[in-house]
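Undergrad: build me a structure from this.
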Amino acid sequence: LGELNADSGKSFGGVVVDTVTDWWNAEQRKFEVKGKDGKPVIPMRAWRPLREGHEQKLRNLQALPLHVVLVCEEKAVYERDGEELRVVGTKEDSDKKDSYVSDVRLRFFVRNGRFFAEVLKDRTGKFEMGAIVENPKVEMWVDGKAKAAPPKPVEAKPAMKQTIELDPLEQQAMELIDHIGEIQDVNHWRNWRRKH
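TA: All right, here's what the predicted structure looks like:
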């Protein structure tokens, strides 16, 4: 990150983090301690510094004068059906706040040998949430001006500040809206309401 920041977009046109899942898992391992049963656990008090450090790294990437692509693995979401668990969907295998940092979130899939992406989030306003895009390309979200002249780091910081310095209630509302989209079933909703 330091090298990319010092380079300031002179040598690179973009950054691809493949995968954020591995990055997140590696960061969690740094905070693990042995539990009473000898298995590794993360103490409750460690979650806040762990999440804040991870989010700051993503924010530093976001502030670079480069296009940033974060690749994330999927994990299955299960629902109990009597005595059995059945798969009812998938979700990103990373910290739950990672989806909030991103401007565009896509879920890629292949159908009949053709490539598609489901738009999960699009702050650029190019596509509606839930839209299915065939053969997705970066150019669909980035216009020619942005590719030819990426913003300088000085210009990127105020935009980041503007996002961080939202009214606390607005920021909380945006986070809640993002998290509501992650709710998978009735039990998940009930537990989420109890927690929040």
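Undergrad: check which element follows the longest helix anywhere in the chain along the chain.
TA: The single longest helix within the chain, with elements called by DSSP state H, is helix 47-62. Next along the chain after helix 47-62, taking DSSP states H and E as the criterion, comes strand 67-71.
Undergrad: what's around Glu98, how many residues?
TA: In this structure residue 98 is Asp, not Glu. 21 (other CB atoms under 10 Å). Using the backbone N, CA and C atoms, a C-beta is placed for each residue, glycine as well.
Undergrad: how about the nearest residue to it, chain neighbours excluded?
TA: Spatial nearest neighbour of Asp98, excluding adjacent residues (CB to CB, 6 or more residues apart in numbering): Val20 at 6.1 Å.
Undergrad: burial measure for that neighbour, as a count.
TA: Counted with other CB under 10 Å, Val20 comes out at 22.
Undergrad: ditto for Ser8
TA: Neighbours of Ser8 (other CB under 10 Å): 15.
Undergrad: next: Leu64.
TA: The number of residues packed near Leu64 is 21, by other CB under 10 Å.
Undergrad: you'd agree it is up against Ala6?
TA: No - the pair Leu64 / Ala6 is not scored as a contact, 10.7 Å apart, by CB atoms under 8 Å.
Undergrad: what's the helix or strand harbouring Phe116 in contact with?
TA: Assigned by DSSP H and E, Phe116 belongs to strand 114-122. Here strand 114-122 makes contact (CB atoms under 8 Å, 6 or more residues apart in numbering) with 99, 102-110, 127-136, 141, 178, 181.
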